[in-house]
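Engineer: Structure of the sequence below:
(2 chains)
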Amino acid sequence: DVKVTQSSRYLVKRTGEKVFLECVQDMDHENMFWYRQDPGLGLRLIYFSYDVKMKEKGDIPEGYSVSREKKERFSLILESASTNQTSMYLCASSFYGIPNYGYTFGSGTRLTVV
Amino acid sequence: QKEVEQNSGPLSVPEGAIASLNCTYSDRGSQSFFWYRQYSGKSPELIMFIYSNGDKEDGRFTAQLNKASQYVSLLIRDSQPSDSATYLCAVNIGRRRETSGSRLTFGEGTQLTVNP
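Structural biologist: Numbering: from 1, shown residues only, chains lettered A, B, ... in the order given. Down below sits the predicted model:
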């Protein structure tokens, strides 16, 4: 069964900590994405990557960075966690191009920054 | 104007009825359209995609696309309590500068409740 795996389901971090969220996919997808989801705001794209070592900013990249050293792994980094980064973080992957048959999502990481 | 808009809901239907979920999008260049279902506390899962005008049926689900009206809908026939979830419409917005060509823009979702 193909899947996107996020390393943690729940995470609690302190303000100012550097936080790493890991995502691994086994579908040989070119594209990988990081979203956050908040009530009333829907899914908002933070960063995405269409190839190893390539990245593009999404709609809300401030306070985040990403790393993609291998095709199957895409990491989201919160350089200095703040309480307004408390959210559900969703990783997704897809094939390159159109049509792309949609995203496959990971199970999500619920991050709480205290 | 939002790029992808869904009827805000919540939508409540009795068991066995048809649930109709609607979505409009702003960019005429959009080419791919998706419906995701998201149960509370879970991640979205893909249930339908459609690329061509007209209807596409899969079991109890029918996706309808009208590119001239920039409108896509999802019909759920014989609704069951297990269909209670938030339904997200997603669109491949065509006019963005996209190196991948496959970024999706999501609506905010419509919460559906099917009452036994």
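Engineer: all helices of chain B, in order?
Structural biologist: With DSSP state H, there are no helices along chain B.
Engineer: And the strands in it?
Structural biologist: B:4-6, B:11-14, B:19-25, B:33-38, B:45-50, B:54-58, B:61-66, B:71-76, B:85-92, B:104-106, B:110-115 (DSSP state E).
Engineer: Can you name every helix or strand that the third one contacts?
Structural biologist: If I follow you right, that is strand B:19-25. strand B:4-6, strand B:11-14, strand B:33-38, strand B:71-76, strand B:85-92, strand B:110-115 (3 or more Cβ pairs under 8 Å, 6 or more residues apart in numbering or on different chains; DSSP states H and E). The way it works is simple: take the backbone N, C-alpha and C, and place the C-beta from them, glycine included.
Engineer: Flag whichever of the strands of chain B has the least confidence on average.
Structural biologist: Lowest mean pLDDT of the strands of chain B: strand B:104-106, a mean of 89.
Engineer: still on that earlier bit, make JSON lines out of the strands of chain B and add mean neighbour count.
Structural biologist: Shown next, in JSON lines, are those (neighbours: other Cβ atoms under 10 Å in any protein chain shown):
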{"stretch": "strand B:4-6", "mean neighbour count": "20"}
{"stretch": "strand B:11-14", "mean neighbour count": "14"}
{"stretch": "strand B:19-25", "mean neighbour count": "21"}
{"stretch": "strand B:33-38", "mean neighbour count": "24"}
{"stretch": "strand B:45-50", "mean neighbour count": "18"}
{"stretch": "strand B:54-58", "mean neighbour count": "12"}
{"stretch": "strand B:61-66", "mean neighbour count": "18"}
{"stretch": "strand B:71-76", "mean neighbour count": "21"}
{"stretch": "strand B:85-92", "mean neighbour count": "24"}
{"stretch": "strand B:104-106", "mean neighbour count": "23"}
{"stretch": "strand B:110-115", "mean neighbour count": "18"}
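Engineer: Relative to A:F105, which of these is closest?
Structural biologist: strand B:45-50 (7.1 Å; Cβ to Cβ).
Engineer: Give the burial count for A:G63, as a bare number.
Structural biologist: By other Cβ atoms under 10 Å in any protein chain shown, the residues close to A:G63 number 14.
Engineer: Surely it is in contact with A:S82?
Structural biologist: Yes - using Cβ atoms under 8 Å, A:G63 is in contact with A:S82, at 6.8 Å.
Engineer: need the strands of chain B in a markdown table with distance to A:M54, can you?
Structural biologist: Formatted as a markdown table, those follow (distance: least, Cβ to Cβ, whole Å):
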| stretch | distance to A:M54 |
| --- | --- |
| strand B:4-6 | 25 |
| strand B:11-14 | 40 |
| strand B:19-25 | 27 |
| strand B:33-38 | 24 |
| strand B:45-50 | 24 |
| strand B:54-58 | 33 |
| strand B:61-66 | 31 |
| strand B:71-76 | 30 |
| strand B:85-92 | 19 |
| strand B:104-106 | 18 |
| strand B:110-115 | 34 |
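Engineer: what's the spacing between B:R28 and B:R103?
Structural biologist: According to Cβ to Cβ, to the nearest Å, B:R28 stands 17 Å off from B:R103.
Engineer: Spatially nearest residue to B:E45 (excluding sequence neighbours)?
Structural biologist: Counting by Cβ to Cβ, 6 or more residues apart in numbering or on different chains, B:R37 is the residue found nearest to B:E45 once chain neighbours are left out, at 5.6 Å.
Engineer: Before I go, just wanted to say thanks for your time.
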